[in-house]
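Asks: when you get a sec, could you give me coordinates for this:
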Amino acid sequence: MPATTVLPDDHRLRYTFDPIMLQGATANVIMQLALRPVGHGVIHGSVESGNVFKHPMKRLRTTLSYLAVATLGTDAEIDAYREAVNRVHRQVQSAPGAEVKFNAFNKDLQLWVAACLYMGFVLGHEALHGPLDEDVADHLYQEAATLGTSLQVTRDQWPTDRAAFAVYWEQGLARCEIDDMTRKYLWSLTNLEQLPAWLRWPFAPSSRFFTIGFLPQVLRDQMQATWSSGQQRRFDRFFRACGWVSRFSPRPVREFPFNIYMWDVRRRIRAGKPLV
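Replies: This next block holds a predicted model:
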């Protein structure tokens, strides 16, 4: 498939947006939580309002709003969202004597989460359209630093270029360890157990298919999941077809739902309502 060669005028990650990419959202969560301190921080974190099994729609809004602000927002909007997230993150740290130490303000852990988010954009775009042109990929990689710098990650922490990132990514995957507790939690997400039964049953099989399809093999192995060549062919055919449709879709459609969440964040800022 030919590489994409047109760089948009605003040079933003919105170039890679497509709503079908959300099929890889749970896989991205698995990548993030596969690093044990991140996984234990999410599972044992004391912020009840952020519990995906108790407040699934609120957690979805918070996560997608963050991505929208990091990729579409102004500096002022990023600052406002950072402060809102920081107020919550101050409550997320391991208890004294915990087996796995975690702190939501740990810049190295936030860098890993940002790296996973960036890989989500890359893997989603490649599944739909094939690889980006090298110059475009280099430019968008630099733009992707905001996925971390919108919180505590500093600009000099972001690997210098895509080659440096590839090294960081492989080293990060080598550090991943999905223990039994985290695996159980992640399979619950994959099987959509946070949703009511009437909504879970029809969509859980496709959730499992797309989630495992987007995972690196090392994390498939740690999730104890199987993936065949036939499943890979089905996965590739599905996304090629979606990519063909995407090329003819107007920009507002391709940017959904991020554009809606960005609108909602701006509405909340104007009204003085909580962002998180």
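
Asks: got any ranges where this structure has weak pLDDT?
Replies: 1-15, 45-55, 89, 91-104 (pLDDT under 70).

Asks: one more time with 80, if that's ok
Replies: 1-17, 44-59, 86-105, 276 (pLDDT under 80).

Asks: and the residue nearest the centre of it?
Replies: Geometric centre of the chain, nearest residue: residue 117, 3.9 Å, by Cα atoms, centre = their mean.

Asks: so how far is residue 180 from that one?
Replies: 26 Å (Cβ to Cβ, to the nearest Å). In this view, the C-beta of every residue, glycine as well, is placed from N, C-alpha and C.

Asks: got the phi and psi for residue 132?
Replies: Here is the backbone geometry of residue 132 (degrees, to the nearest 10): phi -70, psi 150.

Asks: ok, residue 140 next?
Replies: The phi/psi pair for residue 140 (degrees, to the nearest 10) is phi -70, psi -30.

Asks: count of residues packed around it?
Replies: 23 (other Cβ atoms under 10 Å).

Asks: sorry, back to before: the residue nearest to the centre of the chain: which element?
Replies: Assessed by DSSP states H and E, residue 117 sits inside helix 107-129.

Asks: okay, buried residues for that helix please.
Replies: 109-129 (16 or more other Cβ atoms under 10 Å).

Asks: next: stretch 190-197.
Replies: Within stretch 190-197, the residues that qualify as buried are 190, 191, 192, 194, 195, counting by 16+ other Cβ under 10 Å.

Asks: so which of these is the closest to residue 161?
Replies: Ranked by distance to residue 161 (Cβ to Cβ), the buried residues of stretch 190-197 are led by residue 190 at 33.2 Å.

Asks: alright, calling it a day.
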